[in-house]
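1. predicted coordinates and the sequence they were generated for:
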Amino acid sequence: MSGNLPDRRNWTRSLTVVVVVAVAAVIGGYLIDSDAVETDRKYLRATAGPVLFDHGAHQSEYVASCAACHHPLYAAAQAVSCADCHDDGRDKDDLDHDSLKELHNQDCSQCHEQQAGDEQAASCRQCHPTLQQEEADTVSCASCHDDSYTPEIMSHDEYLEIEEHSCLGCHAPRSLADAYHFTCSNCHLDTSPERFAQADKEVLCGACHLR
């Protein structure tokens with residue numbers, strides 16, 4: 001039996017060396033792996049369950065424009081002529097602004113330039129409160145003007161051209177939760193209903209919210 005002891009000791013040493021090398025390789029891989037893929041994921045807290053949001057994938061693969069979510073990024077004035085993309089017979093008055101926004105895969109940057117100083121998208125919380133402040137989506141004109149004033153006095157485009165105009169001057173922002181649900185759910189149900197919808201075509205909450 002004593003003749004087997006050296007072999008057993010050698011085997012134990014060899015196993016120890018292998019384990020140490022493997023552990024060192026794993027730790028080194030975490031420390032020096034320069035090719036690691038950055039997912040740019042955001043962990044969003046929510047009462048219905050947190051959401052693990054892959055911002056990088058949405059930015060590069062899923063949406064045509066940052067403005068799909070970060071709508072204040074672009075200036076109100078038209079920066080690109082219709083003739084840059086269409087023939088001379090096409091005029092911006094052929095469609096109103098609301099109709100243009102409803103076009104499939106619309107991209108604000110096709111007509112508008114990004115506002116100076118807004119290279120970074122503003123946080124949703126800067127405009128969207130935790131709780132809804134107004135029941136209606138728009139602020140009553142009478143809150144600032146007399147009774148003779150009506151919204152039909154100017155078109156939406158004319159409102160946008162007022163110097164130092166603010167969307168919040170007329171629009172009551174949705175609550176933060178409503179803003180997320182409205183923007184995310186509409187797009188999910190349109191592009192991937194098989195993943196984000198239940199059998200009755202209602203939103204499948206568990207597709208985004210972790211439990």
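-> Done, it's in. Residues are numbered from 1 along each chain as shown.
2. distance of Val17 from Ile27?
-> Distance, Val17 to Ile27, by CB to CB, to the nearest Å: 16 Å. For every residue, glycine as well, the C-beta is placed using N, CA and C.
3. for the protein, which spans come out with low pLDDT?
-> Filtered on pLDDT under 70, the chain yields the residue ranges 1-11, 26, 28-39, 72-79, 92, 98, 101-107, 113-122, 133-135.
4. the helices in it, which residues?
-> Listed in chain order, the helices of the chain (DSSP state H) span 5-32, 55-57, 97-101, 156-160, 176-180, 186-191, 193-196.
5. so which of those is nearest Cys82?
-> Proximity to Cys82 (CB to CB) singles out helix 97-101 among the helices of the chain, at 10.5 Å.
6. all strands of the chain, in order?
-> Here the chain has its strands, by DSSP state E, at 41-44, 51-54.
7. pretty sure Lys201 sits against Pro193.
-> Yes. Between Lys201 and Pro193 there is a contact under CB atoms under 8 Å: 7.1 Å.
8. these two: which is more packed in?
-> The neighbour count for Lys201 versus Pro193, taken as other CB atoms under 10 Å, is higher for Pro193 (13 against 9).
9. the residue lying closest to Gln198 once chain neighbours are set aside - how many residues pack around it?
-> Residue nearest to Gln198 in three dimensions, not counting chain neighbours: Leu204, with 5.0 Å by CB to CB, 6 or more residues apart in numbering. Counted with other CB under 10 Å, residues neighbouring Leu204 total 17.
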